[in-house]
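J.: quick one: sequence and predicted model below, then my questions.
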Amino acid sequence: GENVEQHPSTLSVQEGDSAVIKCTYSDSASNYFPWYKQELGKRPQLIIDIRSNVGEKKDQRIAVTLNKTAKHFSLHITETQPEDSAVYFCAASMVDSGGGADGLTFGKGTHLIIQP
Amino acid sequence: NAGVTQTPKFQVLKTGQSMTLQCAQDMNHEYMSWYRQDPGMGLRLIHYSVGAGITDQGEVPNGYNVSRSTTEDFPLRLLSAAPSQTSVYFCASSNLRRIRRTAVYGYTFGSGTRLTVV
């Protein structure tokens, strides 16, 4: 089955600086890679995702890049703000053209701390 | 439109007891799944379903049963609770049909059930 590794487990950055979280996956059949943000005591919420036919996707201060050859993808947050403090999870899944899909395999999470 | 509703929010069980965690969605999503979240372990897939009458095992299915008799409901049953099943459980759903027309395939998570087995 799929295995997703996520690094680092904890990341502390100064407010206004950029943060980068990296993930690798093992199954070359995986073609869908979402990122979730989870605040303390709350449910995970999708913040951005990317399909394997795209190399990069941006949404305001966040971006995701994908390297299919190396089987890794990264989350980039620019101009970090206090409200960015949370646990971030990457995930991978195989979605087929018929609309079928297996479950998401998640990384173990990165605790992002924004220092004032 | 309530999204994904999980009940109960909190539960304490004694070892050996059985119970059912409820999950219901009102978005007509075909795909539903159960995850457990443990400190330092991320979210691990227990069981999932791609439609009514169809279920499949995830990464950690032992000790849990599921059924999908309707599109809306996907209950998770603990047959004989063990302390190792102490965790936060999340139900999540998604609309598979959107895959063909859009890149968005986001899961909607329920608010979670915090289960303690003593």
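T.: Structure's in. What do you need?
J.: which pLDDT value belongs to B:Asp56?
T.: With respect to pLDDT, B:Asp56 has a value of 90.
J.: quick one: it and B:Tyr48 touch, right?
T.: Yes. Using CB atoms under 8 Å, B:Asp56 is in contact with B:Tyr48, at 5.8 Å. Every residue, glycine included, has its C-beta placed from N, CA and C.
J.: the two: who's more crowded?
T.: Each of B:Asp56 and B:Tyr48 has its neighbours counted (other CB atoms under 10 Å in any protein chain shown); B:Tyr48 has more, 26 against 14.
J.: can you list the weak-confidence ranges in chain A?
T.: Scanning chain A for pLDDT under 70 picks out A:96-102.
J.: was I right about A:Ala86 contacting A:Gln38?
T.: Yes. Counting by CB under 8 Å, A:Gln38 is a contact partner of A:Ala86 at 6.0 Å.
J.: can you pull out the residues in contact with the longest strand along chain B?
T.: For chain B, the longest strand by residue count, based on DSSP state E, is strand B:42-51. With contact meaning CB atoms under 8 Å, 6 or more residues apart in numbering or on different chains, strand B:42-51 is reached by A:6, A:44, A:89, A:91, A:100-109, B:30-38, B:55-61, B:64-66, B:68, B:71, B:74, B:76, B:89-90, B:96.
J.: ok, now which ones touch the residue nearest the centre of chain B?
T.: Nearest to the mean C-alpha position of chain B, by CA atoms, centre = their mean, lies B:Trp34 at 2.4 Å. By CB under 8 Å, 6+ apart, the residues touching B:Trp34 are B:21, B:23, B:45-48, B:58, B:64, B:66, B:74, B:76, B:89-92.
J.: ok, 6 Å please
T.: By CB atoms under 6 Å, 6 or more residues apart in numbering or on different chains, B:Trp34 lies in contact with B:Ile46, B:His47, B:Leu76, B:Cys91.
J.: got the residues of chain A near chain B?
T.: Counting by CB under 6 Å from any CB of the partner chain, the residues of chain A close to chain B are A:Tyr32, A:Arg43, A:Pro44, A:Leu46, A:Arg51, A:Val95, A:Gly99, A:Gly103, A:Phe106, A:Gly107, A:Lys108, A:Gly109.
J.: just the closest of these to A:Gly1, please.
T.: A:Gly103 (9.6 Å; CB to CB).
J.: I'd assumed B:Tyr35 was in contact with the closest one.
T.: No. Contact criterion CB atoms under 6 Å: A:Gly103 and B:Tyr35 do not qualify, at 8.3 Å.
J.: can you give me the helices in chain B?
T.: Using DSSP state H, chain B contains no helices.
J.: so where's it uncertain?
T.: Ranges of chain B meeting pLDDT under 70: B:1, B:96-105.
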